[in-house]
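Q: the sequence and its predicted three-dimensional model are supplied below.
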2 protein chains.
Amino acid sequence: MATKPPAENMARSTKQRTAILELLEHDDAFRSAQDLHAILREAGSKIGLTTVYRTLQAFAEADIVDVMRLPGGDHLYRLCSAEEHHHHLVCRSCGRTVEVAGPTVERWANKVAADHGFTEVGHTLELHGLCAECSQSFKAQ
Amino acid sequence: MATKPPAENMARSTKQRTAILELLEHDDAFRSAQDLHAILREAGSKIGLTTVYRTLQAFAEADIVDVMRLPGGDHLYRLCSAEEHHHHLVCRSCGRTVEVAGPTVERWANKVAADHGFTEVGHTLELHGLCAECSQSFKAQ
DNA sequence: TAGGTGTTGACAATGATTGTCATGACTGGG
DNA sequence: CCCAGTCATGACAATCATTGTCAACACCTA
Ligand SMILES: [Zn+2]
Ligand SMILES: [Zn+2]
Ligand SMILES: [Zn+2]
Ligand SMILES: [Zn+2]
C-alpha cells in the first residue's frame, strides 16, 4: 500500500520533459495531451505528439501529475501540489481546479464497503460546478 | 431541476429494444454495448451493433439505465432499480454491483463547493473493490 | 391494410490513443 | 572531452470504441 516508486521509467532528463513540466507548473487547470502539444508547437517547439502522450503517462505513473477523464473520455493532466490522496473541484466553464481533501468521504466509503462485505475498496470522486468568477459572468448573462 | 422527460426519443417499441432490456433485467453487473451485442448474436439475434449503441444511449438519456466508464474509457450500462440519485459499489473482479445512497457525501460535496464559491455543483462518485465472494476466492489463492 | 415516420443495420468515417522503429540525445566512464 | 550504450524522440501506421450515413424496414394508427 506504499506510494509507487517515484520514477519508474524516467531515467533521463530531456528538453521535452522539462518543457511539459514547466507548462504544467504555470497552469492550474487540467489540460489534454493534445492541448499541451499544441501550446508547445505554438511556442516554436518541435516536440512530437507521441512524446507528449508518453511523457504525461509517465508523469501520471510516477504520481507527478493527476489524471482526470472528461465525459467524452479524453485524459486531462494537472500538476498537483498535495502529496496525499485528494479530490478535485473543477469549474466546468474555465477549468480552474481546487484540490480538496475528503476525510468524511473516505470514512463513509470504507464503512459502506465494509457493510456490504467488500474488501480492497478504492473510490473515484470528483466535484464539478461553476467557480465564483464564472458564476458571475453567467449571472450577468 | 426535475427529472428529464421520460422517453425523449423512444417513440416505438421494437424487438431489439425489448431484447436489450430483457438482457439487462437478468444481469446485475455493468455491461458494454459490445458485450450485449455479442450475447444477443450468440443467442441468434441479427441485431446490429449500431442499434445496440443507440438503444443504450437512448436508455441512458431516459434514465432507464445507469452509465459508468471503465478506466479505459469504455461505457458500461446497467438497469438500476433506485429511482433517485445513487452511487455504485462495484466488484472489480466479477462486476457485481450494489447501489448505495450517499446522503453524507451529498452534504459534504455541497458544503465544500459552497466554501469555495462554486455554484451549480454536481459530482461523480464510485466505489470499487472485491465483493465478499470474490474476496474469498482470492484468499484461497 | 396502407401510409407516414421512427428504426434498423451494413458500412464508412472519426479521433484519441498506442505501436513501431529508425534516428537522435543523455550520461557515465575512460 | 569523447564515446558507447541506452533511453528517448518523432513521423507514421495501426487500433478500436464510438458515431455518421442512408437505403431498406418495421411499427402503429387511421
Ligand atoms: Zn478520496
Ligand atoms: Zn470558472
Ligand atoms: Zn445505479
Ligand atoms: Zn465479485
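A: Here it is on my side, so go on. Ligands and ions are numbered 1, 2, ... in the order given.

Q: quick one: strands adjacent to the top strand by length along chain A?
A: As assigned by DSSP state E, the longest strand anywhere in chain A is strand A:119-130. Sheet pairing of strand A:119-130 (DSSP bridges) gives strand A:87-91 (parallel), strand B:119-130 (antiparallel).

Q: quick one: contacts for A:S137?
A: A:S93 (C-beta atoms under 8 Å, 6 or more residues apart in numbering or on different chains). The C-beta positions use only the backbone N, C-alpha and C, and glycine is treated the same way.

Q: doesn't it fall inside a strand?
A: No: counting by DSSP: H, G, I helix; E, B strand; the rest coil, A:S137 is not part of a strand but helix.

Q: can you pull the domain assignment for chain A?
A: Domains of chain A are assigned by automatic domain parsing as A:1-82, A:84-141.

Q: worst mean pLDDT among those?
A: Here those differ in mean pLDDT, and the lowest is domain A:1-82 at a mean of 89.

Q: re the thing from before, residues of the longest strand of chain A that come out buried?
A: A:121, A:123, A:125-130 (16 or more other C-beta atoms under 10 Å in any protein chain shown).

Q: next one: it, is it in contact with ligand 2?
A: No: taking C-beta under 5 Å from the ion as the criterion, strand A:119-130 and ligand 2 are apart, separated by no less than 6.0 Å.

Q: any part of that strand near ligand 4?
A: No: on the criterion C-beta under 5 Å from the ion, strand A:119-130 is out of touch with ligand 4, staying 10.2 Å away.

Q: chain A: strands as residue ranges?
A: Using DSSP E, strands in chain A cover A:31-32, A:65-69, A:75-79, A:87-91, A:97-100, A:119-130.

Q: out of these, nearest to ligand 3?
A: strand A:119-130 (15.2 Å; C-beta to the ion).

Q: could you check the angle strand A:65-69 makes with the closest one?
A: If you take axes from the mean of the first three to the mean of the last three C-alpha atoms, to 10 degrees, strand A:119-130 sits at 80 degrees to strand A:65-69.

Q: was I right to think A:L79 contacts A:E25?
A: Yes: in this structure, A:L79 is within contact of A:E25 by C-beta atoms under 8 Å, at 5.9 Å.

Q: looking at the two, which has the bigger crowd around it?
A: Shown here are A:L79 and A:E25; by other C-beta atoms under 10 Å in any protein chain shown, A:L79 has more neighbours (19 against 9).

Q: show me what contacts the more buried one?
A: A:21, A:24-25, A:27, A:64-66.

Q: which among these count as buried?
A: By 16+ other C-beta under 10 Å, these give A:24, A:27, A:64-66 as buried.

Q: among those residues, which ones lie close to ligand 3?
A: Counting by C-beta under 5 Å from the ion, no member of the buried ones among the contacts of A:L79 is near ligand 3.

Q: just the closest of those residues to DNA strand D, please.
A: A:I64 (13.5 Å; C-beta to the nearest atom of the strand).

Q: now the closest one: closest residue in space that isn't a chain neighbour?
A: A:L79 (7.2 Å; C-beta to C-beta, 6 or more residues apart in numbering or on different chains).
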